[in-house]
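Student: what's the 3D shape of this:
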Amino acid sequence: MKKIISFALLLTIGLLNAPLWSGTLSTTPLASQPPTTNEKNVVLVIKKMTCQLCSLTIRIALERINGVNFAGVDYTTKTAMVRFNPTITTIDKIAAAVTNAGYPAHQQ
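Tutor: Model (predicted):
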């Protein structure tokens with residue numbers, strides 16, 4: 001039991017200290033590539049993001065949306081860059097998913 005608790009603590013510390021995104025939109029290889037003809041990029045401004053764990057929660061919520069091909073969340077600028085297929089989902093649905101996760105979001 002002690003080993004499980006120690007492992008969980010180390011995992012939590014590692015997640016909180018690990019950079020989820022290096023800080024700029026252009027440093028992520030997929031984000032720096034231009035979208036294909038059936039993809040669009042959108043930058044969302046996100047409120048109530050208070051820690052890096054919040055950015056992980058937001059990224060997971062974005063990646064669960066059918067049609068989202070890339071999601072990067074930057075805690076320092078309180079933004080998310082999302083690449084999505086507009087024939088499958090919309091900007092409103094993407095923003096609603098983040099808002100439903102507890103972080104009000106709107107297009108920049």
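
Student: for this protein, which spans come out with low pLDDT?
Tutor: Applying pLDDT under 70 to the chain flags residues 1-35.

Student: any idea how far the residue nearest to T99 when sequence neighbours are not counted is from T36?
Tutor: Once flanking residues are discounted, T99 sits nearest to A105: 5.6 Å by Cβ to Cβ, 6 or more residues apart in numbering. All C-beta atoms are positioned from the backbone trio N, CA, C, and that covers glycine. Here the criterion is Cβ to Cβ, to the nearest Å. By it, A105 lies 24 Å from T36.

Student: again with A61
Tutor: 24 Å.

Student: who's more crowded, those two?
Tutor: Taking other Cβ atoms under 10 Å, A61 and T36 do not tie; A61 has more neighbours (22 against 10).

Student: for L62, what are its contacts?
Tutor: Under the criterion of Cβ atoms under 8 Å, 6 or more residues apart in numbering, the neighbours of L62 are V68, A71, V73, A80, V82, I94, A97, V98.

Student: check the burial of the residue lying closest to A61 once chain neighbours are set aside by counting its neighbours.
Tutor: Of all residues not flanking A61 in the chain, A101 sits nearest, at 4.1 Å (Cβ to Cβ, 6+ apart). Using other Cβ under 10 Å, A101 has 17 other residues around it.

Student: so what's A101 up against?
Tutor: Contacts for A101 (Cβ under 8 Å, 6+ apart) come out as T57, I58, A61.

Student: list phi and psi for P104.
Tutor: phi -50, psi 130 (degrees, to the nearest 10).

Student: quick revisit: in helices, which of the contacts of A101 fall?
Tutor: Those of those mapping onto helices are T57, I58, A61, per DSSP state H.

Student: mind putting those into a markdown table with distance to V45?
Tutor: Shown next, in a markdown table, are these (distance: Cβ to Cβ, whole Å):
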| residue | distance to V45 |
| --- | --- |
| T57 | 17 |
| I58 | 12 |
| A61 | 16 |
